[in-house]
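[1] have a look; sequence and predicted model below, questions after that.
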Amino acid sequence: MFITELKSLPTEDICLQFGLANHSFKYLCDCGFASQLTVADCRDTNAIFVSHTHIDHFINFNGIVRHQLAIGRRVIVTGTVGVAKNVQAQLLSFNWNLLKYDDQAVSYEIREIDEAGKINRFLIETPKWELQDLGELPSAYIYENELFKVRCALLDHGIKTVAYLFETQEKVSMQMENCPHKAGRWINELKTAFLTQDWGKEIVIDANTTRKVSELTPFIQREPTYKMAYVMDFAATEANREKIVELCADVDELFMECYYSSEDMEMAVKNKHSYASFSAQTAKLARAKRVIPVHFSRRYHEEAQKQLILNEFFAHFGENQP
Ligand SMILES: [Zn+2]
Ligand SMILES: [Zn+2]
């Protein structure tokens, strides 16, 4: 599962960090001003998933860069069409005459998803920060590593915003109690073949025993994956709702914008945001197991006002507040 931590206080912008057990890198969703984000957090960040570049979601990108300059790695930044130029513009707002390129320098690979689902990549390196076209990413996942993969949907918020679904990679375990063979190195080979559906592959169990993957499948069990979603600024429309429900179906953990109370629905419509009851009903339709409503308008600066929005959200979601 993912270990999630909000790095922004409820009165601040939005910035969510997540990681996984026994994995040294961290990941960020959006980079609004967030007072809980540490220097070490910035250094350990391996990818930044940007919903959109309104100032409250992107102002601290430079704050993160400040601590990444000498990490000697390529960091992935994802977002909608135009995010590469936004990244470049932030970097070009400084003078870099003392910075040279070397193998300790950071570089950024920016991935933009368009409405057709095409993902274009750009590389940007110190000290000139020119956008170099890396071509299309031939994958349905905007990001994938050995531990998790990321799907997304584009929502309407006046501009496009990216909603992200993070899902752990599929894992299998062996049911050795019913298996007539002794455990050994062959198990890893079998698991890999199973996950790539290589049913005909011959697995050498010992000097006298060889079995096809298809013969060994009764001893393998799929483990459930863990799904976490991050769904920020979106207009309260049926079209957005449909996309969110599809992307977030049966999600384990859902971070969702709850910018306005239903009382201020008019303002929500005007500013193409959601409101508490709409977000809650959408999360319910998606059968989300746990929802964390976040990103409240600054007009609700008092704790009691935020509490009212949360009460409203959970009254419509149909469960007690965690
Ligand atoms: Zn916005
Ligand atoms: Zn926002």
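    Looks like it arrived, so ask away. Every value quoted in this text rests on a predicted model; they were computed, and no experiment measured them. Ligands and ions are numbered 1, 2, ... in the order given.
[2] Lys7 is in contact with Ala40, isn't it?
    No: taking contacts as Cβ atoms under 8 Å, Lys7 lies outside contact range of Ala40: 11.9 Å. Heads up, the C-betas are built off the backbone N, CA and C, glycines and all.
[3] counting neighbours, go ahead and name the busier of the two.
    Lys7 (24 against 10; other Cβ atoms under 10 Å).
[4] now do the contacts for Leu195.
    170, 172 (Cβ atoms under 8 Å, 6 or more residues apart in numbering).
[5] show me where the stretch 51-200 of the chain has its strands.
    Under the criterion DSSP state E, counting those that start in this stretch, strands of the stretch 51-200 of the chain are mapped to 74-80, 107-113, 119-125, 131-136, 143-144, 148-157, 159-168, 171-174.
[6] out of those, which is closest to Tyr226?
    Tyr226 sits nearest to strand 159-168 of all the strands of the stretch 51-200 of the chain, at 4.7 Å, using Cβ to Cβ.
[7] so what strands line up beside the closest one?
    Strand 159-168 has its sheet partners listed here by DSSP bridges as strand 148-157 (antiparallel), strand 227-231 (antiparallel).
[8] now do the residue of the stretch 51-200 of the chain found nearest ligand 1 against Phe33, distance only.
    Residue of the stretch 51-200 of the chain nearest ligand 1, by Cβ to the ion: His54 (3.5 Å). Between His54 and Phe33 the distance is 12 Å, computed by Cβ to Cβ, to the nearest Å.
[9] what does Thr45 give?
    Distance from Thr45 to Phe33, by Cβ to Cβ: 16 Å.
[10] also Ser24?
    Per Cβ to Cβ, Ser24 is found 26 Å from Phe33.
[11] just name the most buried of the strands paired with strand 159-168.
    Greatest average neighbour count among those goes to strand 227-231 (a mean of 27), per mean count of other Cβ atoms under 10 Å.
[12] show the average pLDDT along that strand.
    On average, the pLDDT along strand 227-231 is 98.
[13] one more: stretch 80-93?
    97.
[14] flag every buried residue along that stretch.
    Going by neighbour count (16 or more other Cβ atoms under 10 Å), the buried part of stretch 80-93 is 80, 83-84, 86-88, 90-91.
[15] restrict those residues to contacts with ligand 1.
    When contact is defined as Cβ under 5 Å from the ion, these do not meet ligand 1 at all.
[16] for those residues, which two are the farthest from each other?
    Between any two of these (Cβ to Cβ), the greatest distance is 18.6 Å, for Thr80 and Leu91.
[17] now render the strands paired with strand 159-168 as JSON lines, adding distance to ligand 2.
    Putting the strands paired with strand 159-168 into JSON lines (distance: least, Cβ to the ion, whole Å) gives the following:
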{"stretch": "strand 148-157", "distance to ligand 2": "8"}
{"stretch": "strand 227-231", "distance to ligand 2": "12"}
